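>>> how would this look folded up:
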Amino acid sequence: MTENPSELRQPGPIISRREALQATAGAAALAALSPASVAAANAPAAATSTVTVTVKMTVNGRVHTLAVDPRQSVLDVLRESLNLTGTKKGCNQGACGACTVLVNGKRIVSCLTLAAMHDGAQIETIEGLEKGGELHPLQEAFVEHEGLQCGFCTPGQIMSGLGCIAEGHTGSPEEIQFWMSGNICRCGAYPGIVAAIADAAGRS
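Numbers count the residues shown, from 1 in each chain. Presented below is the predicted three-dimensional model:
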């Protein structure tokens, strides 16, 4: 008599595909938790050294010696290390002009400028314009000509306006508009900004 192959099979548990996958994953996890792995995980983390460079800057007439991260921008040093928060962080990509300051008399976007590259620099921010309780003529002109609404971009507009005047680009409203085009005012106060810069240029 020929035996039925099905009758020769030994009885045993039937394992589904999901159970097989779960068992495989569990075995892998146990392998990962070997004594050596556990010991390594519980070992104290190695101390990471933070590299800094020393820079000396004169900001608004005051000398500062600072240890800065080589990756730190002038904007972050001003705001975080010196607490000069008048300079605003807008786009942080050099596209809006809110972070404009004067470095050695020239306007820059401070968010893209590494502090480590400006050892010995003379930096002027919006906080340095007021003298003895008196506003700078350009600040007064911004107020008189309503060259602002929300005011967020105003520090950068004023510092860039100072640069524009110093560079001699105030011959006409159109010229001012062109040389101030890197500073964005999302409130649209451009007519007042241009008028304020022209007015202050006439006073100087």
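>>> Tell me where the protein has helices.
Using DSSP state H, the helices found in the chain span residues 5-8, 17-32, 35-42, 74-76, 137-144, 154-166, 173-179, 190-203.
>>> Pop the domain breakdown of the chain in here.
Per the record, the chain has its domains at 56-128, 131-204, by automatic domain parsing.
>>> Mean pLDDT and mean neighbour count added to those, as JSON lines?
No exception for glycine: its C-beta is placed from N, CA and C like everyone else's. Below are those laid out as JSON lines (pLDDT from 0 to 100; neighbours: other C-beta atoms under 10 Å):
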{"stretch": "domain 56-128", "mean pLDDT": "98", "mean neighbour count": "18"}
{"stretch": "domain 131-204", "mean pLDDT": "97", "mean neighbour count": "18"}
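>>> for those, which one sits closest to Thr50?
Of all the domains of the chain, domain 56-128 sits nearest to Thr50, with 7.1 Å by C-beta to C-beta.
>>> circling back to that earlier point, can I get the domains of the chain in CSV including distance to Thr50?
Below are the domains of the chain laid out as CSV (distance: least, C-beta to C-beta, whole Å):
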stretch, distance to Thr50
domain 56-128, 7
domain 131-204, 30
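>>> pretty sure Cys164 is touching Met180, no?
Yes. Using C-beta atoms under 8 Å, Cys164 makes contact with Met180 at a distance of 5.8 Å.
>>> So what does Ser181 look like in phi/psi?
Phi and psi for Ser181, reported as degrees, to the nearest 10, are phi -70, psi -20.
>>> Apologies, that question was intended for Met180.
phi -110, psi 10.
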